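[1] Here's my sequence, what's the structure:
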Amino acid sequence: MPLNGVRADVRTRETNVGNLLADSFVETAQNRAAEFGVTLAGPLVGLQNGGGIRNDSLIPAGPITLLDTFDIAPFSNFVSVIEDVAPADLLAAVEHGLEAVPDPEGFFAQWSGLVVTYDASQAPGDRVVSLTVNGTPYVVGGELQGGLQPVDLATIDFLATGNDGYDMFEPYSFTQLGTSYQQSLANILATADLSADSVEYQPRETRPCAPASSRSSQAAAERKNVAHPFRSGTETGVLHVWADRQKCVCRSLAASAGLASASLGVCRSLAASAGHDVRTARRRSLIPRISGGGPACAACRRGWSRTARRRCRCRTT
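    This is a model prediction of the structure:
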């Protein structure tokens with residue numbers, strides 16, 4: 001499975017690279033906490049901020065090198081443990097990580113050990129609908145439950161000191177475990193199963209996409225500006241996507257690559273590997289045909305439709 005460290009993705013949604021890092025912190029804490037005098041008494045969760053993931057690329061399926069881990073995690077951040085974090089502070093951290101969604105921000109949280117259902121249409125600070133920690137419901141129907149056990153948090157010292165807006169951790173002391181976040185990632189990659197991925201975030205979906213598989217549905221999809229997966233032998237060209245249908249397009253591209261989902265950033269990476277370019281069209285009248293089928297722009301050789309007023313998006317003709 002490709003590893004997604006694309007900047008726009010790790011700062012807006014859960015990715016498998018973010019999951020690996022957060023999972024590695026939990027593993028490092030379990031393996032080394034006692035060595036540093038830390039007793040893990042409560043549920044253990046992991047946290048990595050999206051801004052600490054720096055490779056900005058989709059690493060193809062296959063061997064992952066040591067250099068790849070330094071590209072992903074280049075800073076001098078060390079895995080640290082905060083003991084006995086109050087459930088209210090954990091909820092505040094989860095809410096903070098979701099504050100900017102759908103806009104990309106470095107404080108977006110990549111978690112391990114918990115499952116969050118959130119509603120991005122709500123005001124920041126009030127988006128968590130449900131929160132389950134290691135199988136125990138902590139938030140139900142948007143309400144923090146009572147009688148909950150404090151959690152132990154494995155994260156990086158950068159966040160443990162309250163940076164990136166995680167000031168809810170400032171009152172707590174923390175213990176560094178002598179392992180950098182890059183080394184923690186390298187350690188878990190030696191044994192991790194990269195064929196599958198966990199799901200920590202469960203955003204509420206409002207507009208499911210219908211697949212365009214048959215010839216008739218494919219034609220209907222083009223009329224509605226919903227793209228279908230690239231097929232082998234398709235002529236290289238530019239695929240312009242109507243913004244409202246962007247999610248549908250990315251799902252189609254992701255499915256063709258064996259991924260559960262993909263954002264526009266991953267869309268571009270997948271398309272580029274096939275010799276295509278994926279862009280977002282702002283006006284329906286500027287959306288050319290997917291490939292061929294019409295006159296070509298003399299300057300850029302891209303197909304364009306009669307509805308585009310015979311003017312290509314490159315603006316030269």
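[2] CA atoms for contacts and neighbours, from now on please.
    OK.
[3] Show me the shaky parts of this protein.
    Scanning the chain for pLDDT under 70 picks out the ranges 196-317.
[4] all helices for it, in order.
    7-10, 16-32, 66-72, 87-98, 157-160, 181-189, 215-223, 246-256, 264-273 (DSSP state H).
[5] now Val133: how far from Ala120?
    The span separating Val133 from Ala120 equals 20 Å under the rule CA to CA, to the nearest Å.
[6] cool, Arg127 as well?
    If you go by CA to CA, the gap between Arg127 and Ala120 works out to 6 Å.
[7] do the same with Trp111
    On the measure of CA to CA, Trp111 and Ala120 end up 17 Å apart.
[8] Looking only at neighbour counts, state which of those two leads.
    The residue with more neighbours, out of Trp111 and Ala120, is Trp111; 28 against 17, by other CA atoms under 10 Å.
[9] Please name the spatially closest residue to Ala86 (chain neighbours excluded).
    Nearest non-adjacent residue to Ala86, counting by CA to CA, 6 or more residues apart in numbering: Pro150, 4.9 Å away.
[10] Could you pull up the contacting residues of the one you found?
    42-43, 84-87 (CA atoms under 8 Å, 6 or more residues apart in numbering).
[11] Could you give the backbone dihedrals for it?
    Main-chain dihedrals, Pro150, degrees, to the nearest 10: phi -60, psi 150.
[12] What is the burial count for the nearest residue to Asp89 once chain neighbours are set aside?
    Nearest residue to Asp89, sequence neighbours excluded (CA to CA, 6+ apart): Met168, at 5.9 Å. When neighbours are counted by other CA under 10 Å, Met168 registers 20.
[13] How about Phe36?
    Around Phe36 there are 12 residues (other CA under 10 Å).
[14] Determine the residues that are contacts of both of Arg127 and Ala120.
    Common neighbours of Arg127 and Ala120 (CA under 8 Å, 6+ apart) are Leu98.
[15] end-to-end on stretch 53-62?
    20 Å.
[16] Give me the buried positions along it.
    53-59 (16 or more other CA atoms under 10 Å).
[17] Going by residue numbers, what spans are strands in this structure?
    3-4, 44-49, 58-59, 78-85, 109-112, 114-118, 128-133, 136-140, 143-144, 151-156, 174-180, 201-203, 238-242, 277-281 (DSSP state E).
[18] okay if I get those as JSON lines plus distance to Phe70?
    Converted to JSON lines, the strands of the chain look like this (distance: least, CA to CA, whole Å):
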{"stretch": "strand 3-4", "distance to Phe70": "14"}
{"stretch": "strand 44-49", "distance to Phe70": "15"}
{"stretch": "strand 58-59", "distance to Phe70": "13"}
{"stretch": "strand 78-85", "distance to Phe70": "14"}
{"stretch": "strand 109-112", "distance to Phe70": "18"}
{"stretch": "strand 114-118", "distance to Phe70": "27"}
{"stretch": "strand 128-133", "distance to Phe70": "30"}
{"stretch": "strand 136-140", "distance to Phe70": "35"}
{"stretch": "strand 143-144", "distance to Phe70": "38"}
{"stretch": "strand 151-156", "distance to Phe70": "16"}
{"stretch": "strand 174-180", "distance to Phe70": "11"}
{"stretch": "strand 201-203", "distance to Phe70": "26"}
{"stretch": "strand 238-242", "distance to Phe70": "34"}
{"stretch": "strand 277-281", "distance to Phe70": "29"}
